[in-house]
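Engineer: Sharing a sequence plus its predicted fold:
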Amino acid sequence: MIRINCPFCGERDHSEFSYGGDGSIVYPALDAPVEEWVEAVFQRENIRGVQTESWQHVSGCRQWILVERDTMTHEIHSVRAAHEGVAKVLEAGK
Amino acid sequence: MTRFSAWSVFRNGLSGQSGWTRQWRDPEPKKQYDIVIVGGGLHGLATAYYLAKNHGQKNIAVVEKGWLGGGNAGRNTTIVRSNYFLPGNREFYEHSLKLWEELSHDLNYNVMFSQRSHIALLHSPAAIDGAARRYNTMRLTGTPDAEIWDLEKLKQEVPHLNYGPDARFPIRGAAVQKRAGTARHDAVAWGYARAADSLGVDILQNCEVTATTRSGDEITSITTSRGEIKAKKVGFAVAGNTSRLWQMAGFNTLPIESHKLQAFVSEPLKPLLDQVVVFGVGGAHFYISQSDKGGMVFGGDIDWYKSYAQRGNLPIVQDVAECAISILPCLGRVRLLRHWSGVMDMSMDGSPFICKTPLRNLYLNAGWNYGGFKASPASGWYFADLIANDRPHETIEHFNLERFAQGVILDERGAGPDPKLHG
Ligand SMILES: Cc1cc2nc3c(=O)[nH]c(=O)nc-3n(C[C@H](O)[C@H](O)[C@H](O)COP(=O)(O)OP(=O)(O)OC[C@H]3O[C@@H](n4cnc5c(N)ncnc54)[C@H](O)[C@@H]3O)c2cc1C
Ligand SMILES: [Zn+2]
C-alpha cells in the first residue's frame, strides 16, 4: 500500500484515492491546432523514475492533488494541491 | 538438437534420459546482423522464428536483457481466445487462434494448448443482449464457435459456481467461445526459442540494450551489455519497457503507459474447473482456470496506477480474493501459493501496434495490454512480415501509431484515452 499525504486530510492509504495520470500535461487552448490536442490527449512520456501525476482523494476530501512519485520504487517525493491558487494559500499558511 | 517424437521419448526412457541435448545454443554475439529483435519474450521469439521460417531470413538475433520468458511471457494467466468485435482486431486474433491450434506440431514442442472453452458470465438481460450482438458478429465474420448459454446449460457444464439467488450479481447465462482455452506459457517461449535457434537465429540472453546509434533516419547499431551490434533492421518487442527503448532511439512520447498486472496461483487441487471462467460486472474483473498441476490460476484488474515495479499491491489481492469467493465460494479455504506481477504496455485505446516508425529501419511491436499472450503467434507472424517486406499486411494496417491523430482508434471496450481502463 502506498501512503499519500493529502494536503487537506493528512496521510491516507492510496486505496482512498483514484489515479488520474500524467500530471505534467498542459492542455492547449481550445482553438489550438489538432496536433497539439493529439499530443496532450494521447501521447505520454511514460517515465520510469520520478514523475508528477494527478490523484483525486475520492474517498476523502475529493480534491485533486499533484504527487511526485517514483514509478520504479513508488517512493513519494512531494504532494501538493493541484489547484495552483489553493496550493499557494496552503503554502502561505504553513 | 534432438527432434521430439514418441520414439525419442521411448528410447530415452530406456537409456536413463541420457540422450537429450541442449534445446538451443548460447552463442556469442556477432558484430553484425541483418535483423536484430530487441526483447526475448513471446513476441520477439515468435517474430524471429517466422522471419526465418516464412521469409527465409538467415542472419537474425534476438537480444534479451534477462533470461528467456522472464518478462510477461512467463508471468501471464495464459488465456487464449479470439472473441473480439471490432474489424481489425477480430481477423487478427482469429488468425492467432488458428496458429495456436497447430503450434505444438509446427514447433515440434508441446505447448499444452488446451481448448477448454472460455466462459464469460452474464448477469443481466442487457448483458446477454450485448454479448449476443458481439458473439453473433463473431459467427458472421469467421469465428464459428461463439455461443450463448442459458442458465440450465451453464449449471450442467460448470456446476459449482455460485448460483445462489442471494448473490450480489446473480448469474443468468454465459457467452462462450469453445475453441478458446489455455496453454503453458513457458513452453511457448521455449518452443519458439528452440525452433528459431534450429533455423539459425542467435538468441542472446543477459544482453541488455542501453543505447542506439543513429545516422540520419536510420539506426546503425545498438549498444548492449555484451558489446556493440550492427543491424540493418531493428525491431522492438519489449512490452512494458517500450517507452524506454523508444527514448533510446531518440524519440519522446508514445500512446502507451506502463502498468502492472498481478496473477495468482493456489496450492494444487484435484480437478475442479474444466474451463476458463470470467467474471466481470459492476467494477469486478476476474478470470480463473486450473492448471494441469492442479493450481487455480487467476487474476483481476491492474494495480490502478502507473508502475514499472514488477511487484503487486495488496488492495488488488483483496479485490481478486473477493471476486474469487463471490463466484466460487468453494475456494474459501484454499491457500494461495504465489502471486507476482508483470509490467504491461497499456495503450491509449487498448489495441496494439505492429508498425513502421519515423526511422526507416526501425519497427515497433507494442501496446499489448493484458492480452498479448493469445496474440503472440499472430503478432510474430505479422511483425516478421512487416520487417521482411517493409510494409504492413492489410490485417494489421490499423495497428499503427497514426490512428489517434486520424480518429480511427480501436477501442474495443469503449473506455476512452485512459490506459488503465483497457483490458
Ligand atoms: C499477470 C499477467 C497476466 C496476463 N494474462 C494474460 C492472459 O491471460 N492472456 C493473454 O493473452 N495475455 C495475458 N497477459 C499479457 C501478456 O503476458 C503480454 O501481453 C505478453 O507476454 C507481452 O509480450 P512478450 O511476451 O513479448 O513480453 P515480455 O515477455 O515482457 O518480453 C519483453 C522482453 O523484453 C526484454 N527487455 C526489456 N527491455 C530490454 C532492453 N533494454 N534490452 C533487451 N531486452 C529488453 C524484457 O526483459 C522481456 O523479456 C498477462 C500479463 C500479465 C503481466
Ligand atoms: Zn483529502
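Structural biologist: Nice, thanks for sending it over. Ligands and ions are numbered 1, 2, ... in the order given.
Engineer: contacts and neighbour counts: CA atoms only from here.
Structural biologist: OK.
Engineer: what ranges do the helices span in the chain?
Structural biologist: Picked chain A for this. Under the criterion DSSP state H, chain A contains helices at A:34-42, A:84-92.
Engineer: wrong one, I was asking about chain B
Structural biologist: B:6-14, B:42-55, B:90-107, B:125-140, B:151-157, B:185-198, B:242-248, B:314-327, B:372-389, B:403-406.
Engineer: Out of those helices, which is the most enclosed?
Structural biologist: Of all the helices of chain B, helix B:42-55 carries the top mean neighbour count, a mean of 27, counting by mean count of other C-alpha atoms under 10 Å in any protein chain shown.
Engineer: anything in it sitting right up against ligand 1?
Structural biologist: Yes. Counting by C-alpha under 6 Å from any ligand atom, ligand 1 has neighbours in helix B:42-55: B:42-44.
Engineer: quick one: pLDDT of residue 4?
Structural biologist: Assuming you mean chain A. Here, the pLDDT recorded for A:Ile4 equals 98.
Engineer: wait, chain B
Structural biologist: 92.
Engineer: residue contacts, it?
Structural biologist: If you count contacts by C-alpha atoms under 8 Å, 6 or more residues apart in numbering or on different chains, B:Phe4 has them with B:108-109.
Engineer: Quick check: phi and psi at it.
Structural biologist: Main-chain torsions, B:Phe4, degrees, to the nearest 10: phi -80, psi 130.
Engineer: Now that A:Gln63 has come up, it's in contact with A:His57, right?
Structural biologist: Yes. Contact criterion C-alpha atoms under 8 Å: A:Gln63 and A:His57 qualify, at 5.6 Å.
Engineer: Neighbour count: the two, which is higher?
Structural biologist: A:His57 (21 against 18; other C-alpha atoms under 10 Å in any protein chain shown).
Engineer: Give me the spatial nearest neighbour of that one, chain neighbours excluded.
Structural biologist: A:Phe17 (4.4 Å; C-alpha to C-alpha, 6 or more residues apart in numbering or on different chains).
Engineer: how deep is that neighbour tucked in, by neighbour count?
Structural biologist: By the measure other C-alpha under 10 Å, the count of residues near A:Phe17 is 21.
Engineer: Tell me the pLDDT of it.
Structural biologist: You'll see A:Phe17 listed with a pLDDT of 97.
Engineer: quick one: it and A:Trp55 touch, right?
Structural biologist: Yes. In this structure A:Phe17 lies within contact range of A:Trp55 using C-alpha under 8 Å: 6.3 Å.
Engineer: returning to that earlier point: just so I know, which of the helices of chain B lies nearest A:Met1?
Structural biologist: helix B:314-327 (6.2 Å; C-alpha to C-alpha).
Engineer: Give me the average confidence score over that closest one.
Structural biologist: Averaging pLDDT residue by residue across helix B:314-327 gives 95.
Engineer: same check, this time on stretch B:369-376
Structural biologist: Average pLDDT, stretch B:369-376: 96.
Engineer: near ligand 1, anything from it?
Structural biologist: Yes. Using C-alpha under 6 Å from any ligand atom, stretch B:369-376 reaches ligand 1 at B:369-374.
Engineer: Using TSV, lay out those together with distance to B:Met138.
Structural biologist: Output for the residues of stretch B:369-376 next to ligand 1, formatted as TSV (distance: C-alpha to C-alpha, whole Å):
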residue	distance to B:Met138
B:Asn369	22
B:Tyr370	21
B:Gly371	18
B:Gly372	20
B:Phe373	20
B:Lys374	17
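Engineer: so what's the closest residue to chain A within the stretch 51-200 of chain B up against?
Structural biologist: Nearest to chain A in the stretch 51-200 of chain B, going by C-alpha to the nearest C-alpha, is B:Gly71, at a distance of 15.7 Å. B:Gly71 makes contact with B:41, B:342, according to C-alpha under 8 Å, 6+ apart.
Engineer: Over to B:Lys153?
Structural biologist: Taking C-alpha under 8 Å, 6+ apart as the test, B:Lys153 contacts no residue whatsoever.
Engineer: So for it, what's the pLDDT?
Structural biologist: 98.
Engineer: can you pull up the bridge partners for the residue nearest the centre of chain A?
Structural biologist: The centre of chain A sits closest to A:Ser54, judged by C-alpha atoms, centre = their mean, with a distance of 2.0 Å. A:Ser54 forms beta bridges with A:Gly21, A:Leu66, as assigned by DSSP bridges.
Engineer: Against ligand 2, how distant is it?
Structural biologist: Counting by C-alpha to the ion, to the nearest Å, the gap between A:Ser54 and ligand 2 amounts to 13 Å.
Engineer: Pretty sure that residue sits against A:Val67.
Structural biologist: Yes. Look at A:Ser54 against A:Val67 with C-alpha under 8 Å: they come within range, at 6.2 Å.
Engineer: And the residue of chain A closest to ligand 1?
Structural biologist: Among the residues of chain A, A:Arg48 lies closest to ligand 1, at 12.0 Å counting by C-alpha to the nearest ligand atom.
Engineer: who's in contact with that residue?
Structural biologist: A:Arg48 makes contacts with A:70-72, B:244, B:307-308, as judged by C-alpha under 8 Å, 6+ apart.
Engineer: Top of these by number of neighbours, please.
Structural biologist: B:Ser307 (28 neighbours).
Engineer: and that residue, backbone torsions?
Structural biologist: Dihedral angles (degrees, to the nearest 10) for B:Ser307: phi -160, psi 140.
Engineer: neighbours of A:Val26, just the number please.
Structural biologist: Residues within reach of A:Val26, counting by other C-alpha under 10 Å, total 10.
Engineer: whoops, I mixed them up, B:Pro27
Structural biologist: By other C-alpha under 10 Å, the residues close to B:Pro27 number 11.
Engineer: How much space separates it from ligand 1?
Structural biologist: Between B:Pro27 and ligand 1 the distance is 16 Å, computed by C-alpha to the nearest ligand atom, to the nearest Å.
Engineer: Ramachandran angles for that residue?
Structural biologist: Dihedral pair for B:Pro27: phi -80, psi 160, per degrees, to the nearest 10.
Engineer: need the contact list for it.
Structural biologist: B:202-204 are the contacts of B:Pro27 under C-alpha under 8 Å, 6+ apart.
Engineer: and if we set it to 10 Å?
Structural biologist: Listed by C-alpha atoms under 10 Å, 6 or more residues apart in numbering or on different chains, the contact partners of B:Pro27 are B:201-205.
Engineer: Can you tell me which of the residues you listed is nearest ligand 2?
Structural biologist: B:Gln205 (46.9 Å; C-alpha to the ion).
Engineer: pLDDT score for the closest one?
Structural biologist: Value listed for B:Gln205 in the pLDDT field: 98.
Engineer: Would you agree it is in contact with B:Gly41?
Structural biologist: No. The criterion here is C-alpha atoms under 10 Å, and B:Gln205 misses it with B:Gly41 at 11.1 Å.
Engineer: Cross-check the contact I'm expecting between the residue nearest to A:His57 and A:Glu11.
Structural biologist: No. The pair A:Phe17 / A:Glu11 is not scored as a contact, 11.4 Å apart, by C-alpha under 10 Å.
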